[in-house]
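[1] coordinates only, sequence not included:
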Ligand code: PHE
């Protein structure tokens, strides 16, 4: 019986441990670095509304589906998909979904690690008091100094990848649970401190208005795709990270409650980050659409002007590094679990191998900010005008691969798997809530993803 299967990689000690790990995966650069800058680039309020809608209607149901598949299969996503396809008597080709996820994870981590490297660099810049009293221009030049130098970015990227490989090599359970339990709340408190600072600027209202008053004229079809893609990205969905964590979930834990909790925490962190950043943007006459450097060009102004700013700044970037770390681990875990299962490798060896490939791919991103900053490979297409290799990697993974992966997960969970199997695994009975989940995953989610895709390429 599937429910008696256990994972060879171990299990979370309880439901709380899973919630912490999944929240660790979900909360990361996506919430604090990416959400504000893409909201800024896509006009604010309307974008945020679409994003929130996608979290509720697409994100939560797919998270449940992904955790459910993982727990039922109890292996790496590739082997889980193979086993479940066999048990449900459907095409073995479903294992390719696992592979696509592994590829997406590699590509995402390759640039994720470079950005996490920026945060790491900022721990030291903040701690040394470099931001004290700085104006927007000063902060801007500190940022350029960092990203203009390929060697610097490479060094930080390397350090972050090594940190990730060490934890993954030791096994996701040891250390991770405890770290997340302590650091997530700390990050939360610091975000509140920043929102407090933003409150005291004279542009708090303007910031909130930008973030929460929808102006539908300001969002394009492509913006809608970016908002949807971000719902997947920020919840770590569509590539197997949540599936592999689900495979370590104890049998008696409620999948629905867990998924809702994780999604709520993730969304709260993103909104707080937005509420801290946009008032600072407007109070200092900065551009909301400044791009990937946005938080690195705004938050230092806040730290430079508050009491104890050097300390708080250092702590904030340190916590950001931790948040990125716990996400990075989950990006590579599906690949590592597979290497251990199918090639009998030790975790350390598997982590080193997977990490090295990712590290190498990361060079594409490192150079996108300096040597190749003017190289726009798909610049001839209007949507990709001005996109560097990094922008393209981000677009391909977050806006195409993850939604597509999520779509297929939904199709598998609601169309290929027998109803009895999902009723049994979700263990929430066969009543209204189960019916709602099934309806969402069977019809709404796939149709929504397809419509957004077609709309973005101009077919609809
Ligand atoms: N959810 C993470 C973040 O918001 C990124 C991530 C994406 C992690 C996909 C795992 C899988 O930073």
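    The structure has been received and is ready for your questions. Keep in mind it's a predicted model, so treat the numbers as computed, not measured.

[2] how much space between residue 144 and the ligand?
    From residue 144 across to the ligand, the span is 24 Å (C-beta to the nearest ligand atom, to the nearest Å). The C-beta positions use only the backbone N, C-alpha and C, and glycine is treated the same way.

[3] Show me which residues of the stretch 1-150 of the chain sit near the ligand.
    Contact residues (C-beta under 6 Å from any ligand atom) of the stretch 1-150 of the chain with the ligand: 25, 26, 28, 29, 30, 31, 108.

[4] try it again with 8 Å
    Selection of the stretch 1-150 of the chain residues close to the ligand by C-beta under 8 Å from any ligand atom yields 25-31, 33-34, 104-105, 108, 112.

[5] do the same with the stretch 301-450 of the chain
    Residues of the stretch 301-450 of the chain lying close to the ligand by C-beta under 8 Å from any ligand atom are 323, 324, 327, 328, 330, 331, 398, 402.

[6] from those residues, which is closest to residue 422?
    Looking at these and their distance to residue 422, the nearest is residue 402, at 21.9 Å (C-beta to C-beta).

[7] Wait, that closest one touches residue 239, no?
    Yes: between residue 402 and residue 239 there is a contact under C-beta atoms under 8 Å: 6.0 Å.

[8] just to revisit the earlier point, so which of the residues of the stretch 1-150 of the chain next to the ligand are in strands?
    Among those, no residue falls in strands (DSSP state E).

[9] now the closest residue to the ligand within the stretch 101-250 of the chain, nearest residue through space, not along the chain?
    Per C-beta to the nearest ligand atom, residue 236 is where the stretch 101-250 of the chain lies closest to the ligand, at 3.5 Å. Ranked by C-beta to C-beta, 6 or more residues apart in numbering and with sequence neighbours excluded, the top spatial neighbour of residue 236 is residue 25, at 4.5 Å.

[10] just to revisit the earlier point, now which of the residues of the stretch 301-450 of the chain next to the ligand would you call buried?
    For these, a neighbour count by 16 or more other C-beta atoms under 10 Å gives the buried set as 323, 324, 327, 328, 330, 331, 398, 402.

[11] Present those residues as a markdown table; the columns should include secondary structure and pLDDT.
    Listed next are those as a markdown table, based on DSSP: H, G, I helix; E, B strand; the rest coil; pLDDT from 0 to 100:
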| residue | secondary structure | pLDDT |
| --- | --- | --- |
| 323 | helix | 93 |
| 324 | helix | 96 |
| 327 | helix | 95 |
| 328 | helix | 96 |
| 330 | helix | 94 |
| 331 | helix | 97 |
| 398 | helix | 96 |
| 402 | helix | 97 |
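
[12] what's the farthest-apart pair in those residues?
    323 and 402 (18.9 Å).

[13] and residue 114, what does it touch?
    Listed by C-beta atoms under 8 Å, 6 or more residues apart in numbering, the contact set of residue 114 reads 153, 156, 157, 362, 365, 366, 390.

[14] If we go by neighbour counts, what in stretch 104-124 is buried?
    Buried residues in stretch 104-124, counted by 16+ other C-beta under 10 Å: 104-123.

[15] quick revisit: among the contacts of residue 114, which ones are in strands?
    Per DSSP E, these never map to strands.

[16] Please tabulate these in a markdown table, including the columns distance to residue 353 and neighbour count.
    Converted to a markdown table, those look like this (distance: C-beta to C-beta, whole Å; neighbours: other C-beta atoms under 10 Å):
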| residue | distance to residue 353 | neighbour count |
| --- | --- | --- |
| 153 | 23 | 25 |
| 156 | 22 | 23 |
| 157 | 18 | 26 |
| 362 | 15 | 26 |
| 365 | 20 | 25 |
| 366 | 21 | 27 |
| 390 | 24 | 22 |
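
[17] which of those lies closest to residue 49?
    residue 390 (27.2 Å).

[18] Next up, the contacts around that closest one.
    Applying C-beta under 8 Å, 6+ apart, we find residue 390 in contact with 111, 114, 292, 364, 365, 368, 369.

[19] That one and residue 375, how far apart?
    Residue 390 sits 10 Å away from residue 375, going by C-beta to C-beta, to the nearest Å.

[20] can you check residue 203 too?
    Taking C-beta to C-beta, one finds residue 203 at 36 Å from residue 375.

[21] between the two, who's got more neighbours?
    residue 203 (18 against 12; other C-beta atoms under 10 Å).

[22] Just the pLDDT for that one.
    Per-residue confidence (pLDDT) for residue 203: 96.

[23] show me what contacts it?
    Residue 203 neighbours (C-beta under 8 Å, 6+ apart): 278, 279, 280, 281, 282, 283.

[24] For burial, what's the neighbour tally of whatever residue of the chain ends up closest to the ligand?
    Of all residues in the chain, residue 30 sits closest to the ligand, at 2.1 Å by C-beta to the nearest ligand atom. Using other C-beta under 10 Å, residue 30 has 26 other residues around it.

[25] Residue 415: neighbour count?
    When neighbours are defined as other C-beta under 10 Å, residue 415 has 11 of them.

[26] quick one, what contacts the closest residue to it other than its chain neighbours?
    In this structure, residue 415 finds its nearest non-sequential neighbour in residue 442, 6.6 Å apart by C-beta to C-beta, 6+ apart. Counting by C-beta under 8 Å, 6+ apart, residue 442 makes contact with 410, 414, 415.

[27] Would you mind listing the residues touching both of residue 402 and residue 239?
    Residues touching both residue 402 and residue 239 (C-beta under 8 Å, 6+ apart) are residue 104.

[28] any idea of the mean pLDDT in the helix or strand containing residue 245?
    Element membership of residue 245 [criterion: DSSP states H and E] is helix 241-246. When pLDDT is averaged over helix 241-246, the result is 95.

[29] now the helix or strand following it, how far from the chain's geometric center?
    Next along the chain after helix 241-246, taking DSSP H and E as the criterion, comes helix 255-283. Its chain's C-alpha centre lies 12 Å from the corresponding centre of helix 255-283 when counted by C-alpha atoms, centre = their mean, to the nearest Å.
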